[in-house]
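Peer 1: give the three-dimensional model of this entry:
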Amino acid sequence: MLRRAISTLLLVVGTVVGMGQTPKTATVKGYSPALKDNTQVICFVNNASAATDSVRDGHFTLTVPVEKLTQADIVLRGEGCSHYSLDFYLKPGITVNITDTNCLFPLWKVESPLPEQKTSNSIKAYTRETYTEFLKSGDERGKAVRHQELFKEVLKQEIEVMGTLPVDYALVTELEEVARFARNQDVFLYTEQLKELEKNVAARAPKEFKENLVRIHREVYPPQVLKVGEEAVDAELIDIQGEKHHLREVFDGKKYVLLDFCSLGCGPCIMSEFEMIEAYKAQDKLEIVTINVDKEVTWKKHGQNEKVKWKNWNKGESDVVFRYCDRNATPYYILISPDKRIIWKKSGSYPGRFMGMVDALKGLKQDNRHNFSLVVRKVEMKSDATVVHLRYYGHTKYWFTISQDTYLSANGKKYHLTNAEGIYLDEHTYPKEKVTDVADEYPDYSYMKDLGYIDFKLSYSPFETKPKSFDWKEGDDENSFVIRNIEVE
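Peer 2: Presented below is the predicted three-dimensional model:
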């Protein structure tokens, strides 16, 4: 029930119907006097947009292609609408009615002939009071902590009520989602209750839910996740033609390997992918493997696959996500060295990360994993100074700062800053130069239009003796930029 906020980047796929075939559809009708005209209504099935409509006089109607019993989501795009989605269940030939008098859309009344919807409605009824407070707190400034507390309380209540309900498709779907959210929490206070529920459901579940139960068990009892410094392990994956591959195929002992865990409905995944394309074209030291975590059948049909310029595989039935990712979240990135050691892990999207990564891999040897956006391009060893040439990649509208406390560390000594060129220290600085001319490849994509860089030079007192390598530090604060093991030419 606690569906993630759907990204504003909507992924649209078409439904192709062969000659002589009658499309299977379900009808969704909605009404609320709180809806303003022209509010956009989008229905997602398997993370892909399946139908859209615009509100007129509070009403909307969707004809949704659907092959079998499945969970669907609807989001609203308009003034006063919740950023969360309403999930419900569809099956060919049925009509679903969604109504209410307010804009707390995820809690609207859903009427359907499906028993699975009755199960879902029971869960919503049990959590309604807390869930309402949760939705309202999400729109208020300064209530982030309370918002998270309410989120966990809703999870607790869902766990409580699911043990009393029949085991059907809706229940196992909701349980899988709760288990996934629980694993993504740094501290989850109801782990033991979740384990008891998992055991309860597994004992009552019909055989048809065997695969769901396997996934739920992996979430509740995840295998030990590989840590930074440990050796990468193999996994069996599937390509777009259905052929099986092994992760070990890309470990050639020469290149770094970036694992890109992504999902079709993930806007940040797509945004990062455009930058990854530019970074990939600019080097020959990095192999990228996209690992899609969606259902194989949905992934194969999606047009997004055409944009991937490197190995594009699906997780299939492997436990690769559980072995590598600390959180079941996308995007999730893992960088592996040529000797098969995991050297970096990070979730989320951040502009400039991949451009700085490949600059470091193909240029002066260094460790800029602390923040890939900042990279040393050149070092000049002079009699009166050591000059460090740096480049920062980022969004042209996002500032960064470099502190005047920056210094070099080598041979157990500190070498302090004497001069700065191209940047004002301790002041907001914005990347100025465009990374790429986006007119041809990315005509309407603001992320790439706004991706830029800035070059600057920092001079320090000269080294007393020439070191083999040195560290560059912006300061001693834990949030300061750090680049380690910079090789001296």
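
Peer 1: confidence-wise, which helix or strand of this protein is lowest on average?
Peer 2: Every helix and strand of the chain was ranked by mean pLDDT, DSSP states H and E. The lowest is helix 446-449, at a mean of 70.

Peer 1: just checking: what are the partner strands of the helix or strand just after that one?
Peer 2: Per DSSP states H and E, the first helix or strand lying C-terminal to helix 446-449 is strand 451-460. Here strand 451-460 is paired, per DSSP bridges, with strand 386-395 (antiparallel), strand 413-421 (antiparallel), strand 433-434 (antiparallel).

Peer 1: report the beta-bridge partner residues of the closest residue to residue 351 other than its chain neighbours.
Peer 2: Leaving out its chain neighbours, the residue that sits closest to residue 351 by C-beta to C-beta, 6 or more residues apart in numbering is residue 395, at 4.4 Å. For glycine as for every other residue, the C-beta is placed from the backbone atoms N, C-alpha and C. Beta-bridge partners recorded for residue 395 (DSSP bridges): residue 451.

Peer 1: residue 395 reaches residue 449, doesn't it?
Peer 2: No: counting by C-beta atoms under 8 Å, residue 395 does not reach residue 449; the two are 10.2 Å apart.

Peer 1: quick check: which ranges of the stretch 301-450 of the chain have low pLDDT?
Peer 2: Applying pLDDT under 70 to the stretch 301-450 of the chain flags residues 303-306, 437-447.

Peer 1: ranges for the strands of it?
Peer 2: For the stretch 301-450 of the chain, the strands defined by DSSP state E, counting those that start in this stretch occupy 311-314, 332-336, 342-347, 374-381, 386-395, 407-410, 413-421, 433-434.

Peer 1: mind putting those strands into a markdown table with mean neighbour count and distance to residue 199?
Peer 2: Below are the strands of the stretch 301-450 of the chain laid out as a markdown table (neighbours: other C-beta atoms under 10 Å; distance: least, C-beta to C-beta, whole Å):
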| stretch | mean neighbour count | distance to residue 199 |
| --- | --- | --- |
| strand 311-314 | 22 | 30 |
| strand 332-336 | 23 | 29 |
| strand 342-347 | 17 | 30 |
| strand 374-381 | 18 | 49 |
| strand 386-395 | 21 | 47 |
| strand 407-410 | 19 | 53 |
| strand 413-421 | 14 | 57 |
| strand 433-434 | 12 | 56 |
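
Peer 1: buried residues in stretch 29-42?
Peer 2: Residues of stretch 29-42 classed as buried: 30-32, 35, 39, 41-42 (neighbour count, 16 or more other C-beta atoms under 10 Å).

Peer 1: check stretch 269-288 too.
Peer 2: Residues of stretch 269-288 classed as buried by neighbour count (16+ other C-beta under 10 Å): 269-280, 286-288.

Peer 1: in helices only, show me those residues.
Peer 2: Cross-referencing the buried residues of stretch 269-288 against helices under DSSP state H gives 269-280.

Peer 1: residue 257: which of those residues is nearest?
Peer 2: For these, the closest approach to residue 257 (C-beta to C-beta) belongs to residue 280, at 12.4 Å.

Peer 1: domain map for this protein?
Peer 2: 1-112, 114-222, 236-347, 353-487 (automatic domain parsing).

Peer 1: who wins for proximity to residue 229 among those domains?
Peer 2: The closest of the domains of the chain to residue 229 is domain 236-347. By C-beta to C-beta, the value is 6.4 Å.
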